[in-house]
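Participant: Predicted model and sequence below, questions to follow.
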Amino acid sequence: MRHFHLDAGAYSIFSRLRTAVWIFDIDKGHVVWGNEASLEIWAADSLEELVSRDMGRDMSQSVAQRLAQYREDFITSDAVFSENWSLYPKGKPLTLRVIHSGVVLEDGRMAMLCEGMEKQSVDNETLRSAEALLHTKVMITLFADDGHALYRNPAARAVVSDIGETFPQHFVDSGVYEMLASELKQSGASRVVAAVNTKAEICWHEVAARFCYDAVTGNPATLVSEVDVTELKRTQERALHLTTHDVVTELYNRKYVMENFPRFLDLVREEKFEGALLLIDIDYFKYVNESVGHEKGERVLVEVANRLRSCMIDSQDQLARLGGDEFLVQTMDKDIDSRVRKLLKNVQEKFSRPFHVANRSIPITLSTGVVFFPKDGLDATTLMKRADLSVYHAKNHGRNRVSYYDPSFEMAGRADIFHDGALHAALENREFTIHLQPRVHVHSGRIVGAEALARWNSPRYGMVSPDVFISACEEFGLILELGAQMFELAAIEQKKYLRQGRPLTISVNISPYQLKDPGLVQTIEKIMNETGCSPNHLEFEITESAMPEDNETVTQAINAIQRMGFRFFIDDFGTGYSNLSHIQKYPFSGLKIDRSFVNVEAEQRKLAEMIVMMAQAMSYNTVAEGIETEEQLEWLRQREVDEYQGFFFSKPLDREKFAVLLRNEDAELNRQKLWQAS
Ligand code: C2E
Ligand code: MG
Ligand code: MG
């Protein structure tokens, strides 16, 4: 496009003209040149004086924007505009018809050539309305009947995606335009909120259109006014999104799942598919949350959600967060079994890597319950209840596993245990007991102690796993009471054997919640005094992954309890990926190597090897858990591990059976002694 360049010839012609002509430098907000007639209009004493005026200073923002827009239009389309302008030479308003066009300055920048035409004989009302049209933020366009624009006010021009854009092209969705056009035809006016094309992006405008006649030609035309409602629309969308989505993970929420359940089941039926629900619960999420803090706990949830999201196969799988640490996958397929298997395999793979939060590596495992539709239930309530029972079953059988619903799960209703105060009553009735699992000296093969493990044989639910009732007690704030009862039972046993002249070391598991209880030291002291147990023969085990980060209360409690003579062991060592500096802050006496490290093929015991070496280097007592074979025991012997526990020697036994085991061992020993003596 060829633009008009200023040169000496141009100046000389402009000088001779009777009409006022001046050149305005849009960037700098200054007139750079004007002819004699323009000096009069601007009431300037001289050209120098006019040129020295800083016109940008008093310019309103909308005028500045408009001028910048003009400059763009001069550059891109060599446009010419004609407008009624109110100038304020020396503060007095003066209305002119001004014609603006582009002119290139000597330095190559685009400026504006202004021609001031005779005063218009228009009334004040018209003047003001014209001025308002120029300044308003409402976008106003006059379209001819064929759809091309006859006029755009500055606000409309500022956003239009293309100066040649027609009315139909303005709409993103042609269907919306058709609707508007047909209503316009019928009633002469129409209004919609629509997605429209603009220079920057697709926006939402409230578009009001009205049939009219073009004032210049008298032809039928459409006057369109638009207001940008993008922000409002987005806020509305966000609000709507939040009613169906979870804020933390951006997944669908429980409300959405429940409301859409019937539709999901209908769809499965229509497609002649089968459906499945995978209810997924994070193991020990409470511990994670406690040990890394709630804010970082949320990050773990987001990461869990992301990993789960990446496990979905296609749009037939829908993932939601039901609340807390519970997620749900709804899915359907002709071959539902293989789809579920594939999903579960994906999940297993994605969760084999630990999570990194707060400079710690945290392993996350999941307990999953699976139900099928229609096999396991025909309605949302039944299916959800059965999925819940299946998760409960998975947790009750050691967590980190998948349980497919089976009618036998109905016996022990998790829902009951969690809601009807059953735990409270059980604690009151002292239904919790301990089983003792012998701790055996690796070298001598003698029983040197036992771990006290909580047991609940509920008259109503049968045997409930500690994995289930302990976290439930933690959830309901009953763990302090349970912990105290378990410690008391262990202390009584310890005292009993001490009195029999058989000093056994009994270890008791302790929950991190107990360690944070300011009354813990007092509770232990009281039970110690009442039972007369010997603190030197009692130990507390705390699961590694549940060990809180630096915590003043916890450190003080451990130190105080240790001063009384009790010792502390790290339980399930290796599963928490702790760094050693973290562990070293607490005065532990030893560690128990988690069974997952030794209870594997010999060639996979590299980690176990390392743990043993490290523990020995730090002069920790070492106890290996979960020893099930002679081969594993021999491995421990060679590495001089101090003690072991496991089914190979004995399962956890009730107090009576444990006593019998101990008596038998003593009897055997005595026999050997007698034999040796004779
Ligand atoms: P833990 O302290 O690591 O206890 C060892 C678990 O391994 C016990 O499961 C025990 O029965 C099992 N076990 C022992 N030897 C073998 C073996 O050779 N093979 C296999 N496969 N398993 C073996 P249990 O009794 O179900 O306890 C589970 C967890 O519940 C315990 O893990 C402990 O963290 C927690 N717990 C148990 N009693 C208490 C308690 O009184 N208070 C607290 N806070 N937690 C407890
Ligand atoms: Mg233990
Ligand atoms: Mg353990």
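Facilitator: Yep, it's here. Ligands and ions are numbered 1, 2, ... in the order given.

Participant: count of residues packed around A200?
Facilitator: 8 (other CB atoms under 10 Å). Where you see a C-beta, it was placed from the backbone N, CA and C, and this is true even at glycine.

Participant: Could you pull up phi and psi at the nearest residue to P512 once chain neighbours are set aside?
Facilitator: Distance criterion CB to CB, 6 or more residues apart in numbering; nearest residue to P512, sequence neighbours excluded, is A546 at 4.5 Å. With angles defined as degrees, to the nearest 10, A546 sits at phi -100, psi 0.

Participant: quick one: contacts for A546?
Facilitator: For A546, the contacting residues are 284, 287, 290-291, 511-512, 576, by CB atoms under 8 Å, 6 or more residues apart in numbering.

Participant: got the residues of this protein near ligand 3?
Facilitator: 571-572, 625 (CB under 5 Å from the ion).

Participant: Keep only those of those residues that are in strands.
Facilitator: 571-572 (DSSP state E).

Participant: of the residues of the chain next to ligand 3, list those near ligand 1.
Facilitator: Among the residues of the chain next to ligand 3, the ones lying close to ligand 1 by the criterion of CB under 6 Å from any ligand atom are 571-572, 625.

Participant: so which one among those has the lowest pLDDT?
Facilitator: On pLDDT alone, D572 ranks lowest of those, at 88.

Participant: any idea how far the nearest residue to that residue once chain neighbours are set aside lies from ligand 1?
Facilitator: Among residues not flanking D572 along the chain, D594 sits closest, at 4.3 Å (CB to CB, 6+ apart). Applying CB to the nearest ligand atom, to the nearest Å, the value for D594 to ligand 1 is 7 Å.

Participant: Please name the residues that touch D594.
Facilitator: By CB under 8 Å, 6+ apart, D594 lies in contact with 572-575, 625-626.

Participant: Redo those as CSV? Include distance to T365.
Facilitator: CSV is the format used below for the contacts of D594 (distance: CB to CB, whole Å):
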residue, distance to T365
D572, 12
F573, 17
G574, 14
T575, 9
E625, 17
G626, 17
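
Participant: Scan the residues you listed and report the most crowded one.
Facilitator: For the contacts of D594, the largest number of neighbours (other CB under 10 Å) sits with F573, at 26 neighbours.

Participant: For it, give me the pLDDT.
Facilitator: Per-residue pLDDT puts F573 at 86.

Participant: And for the residue nearest to it when sequence neighbours are not counted, the neighbour number?
Facilitator: Excluding its sequence neighbours, the residue lying closest to F573 (CB to CB, 6+ apart) is L591, at 4.2 Å. Neighbour count of L591, defined by other CB under 10 Å: 25.

Participant: would you say L591 is within a strand?
Facilitator: Yes: under DSSP: H, G, I helix; E, B strand; the rest coil, L591 falls within a strand.

Participant: which residues touch whatever residue of the stretch 1-150 of the chain ends up closest to ligand 1?
Facilitator: Residue of the stretch 1-150 of the chain nearest ligand 1, by CB to the nearest ligand atom: K137 (65.4 Å). Residues in contact with K137, defined by CB under 8 Å, 6+ apart, are 155, 227.

Participant: Then Y586?
Facilitator: Y586 touches 547, 554-555, 558, 568, counting by CB under 8 Å, 6+ apart.

Participant: residues contacting A387?
Facilitator: The neighbours of A387, taking CB under 8 Å, 6+ apart as the test, are 277-279, 328, 369-371, 405.

Participant: Can you say which helix or strand has it in it?
Facilitator: Here A387, judged by DSSP states H and E, is contained in helix 380-396.

Participant: my read is Y497 is in a strand, agree?
Facilitator: No: going by three-state DSSP, the assignment for Y497 is helix, not a strand.

Participant: what separates it from ligand 3, distance-wise?
Facilitator: From Y497 over to ligand 3 the distance is 22 Å, taken as CB to the ion, to the nearest Å.

Participant: Name the residue of the stretch 301-450 of the chain that lies nearest to ligand 1.
Facilitator: For the stretch 301-450 of the chain, CB to the nearest ligand atom, closest residue to ligand 1: Q437, 5.6 Å.

Participant: Against which helices or strands is the one helix or strand that residue maps to packed?
Facilitator: Per DSSP H and E, Q437 falls inside strand 432-441. Helices and strands touching strand 432-441, by 3 or more CB pairs under 8 Å, 6 or more residues apart in numbering; DSSP states H and E, are strand 447-458, helix 479-499, strand 505-509, strand 643-644, helix 655-677.

Participant: Kindly recompute the last result at 10 Å.
Facilitator: Strand 432-441 makes packing contacts with strand 447-458, helix 466-475, helix 479-499, strand 505-509, strand 621-624, strand 643-644, helix 655-677 when contacts are defined by 3 or more CB pairs under 10 Å, 6 or more residues apart in numbering; DSSP states H and E.

Participant: Among the ones you listed, show the one with the smallest mean pLDDT.
Facilitator: helix 466-475 (a mean of 85).

Participant: State the number of residues packed around the nearest residue to V641 once chain neighbours are set aside.
Facilitator: Nearest in space to V641, with sequence neighbours left out and distances taken as CB to CB, 6+ apart, is T622 at 4.8 Å. Neighbours of T622 under the rule other CB under 10 Å: 24.
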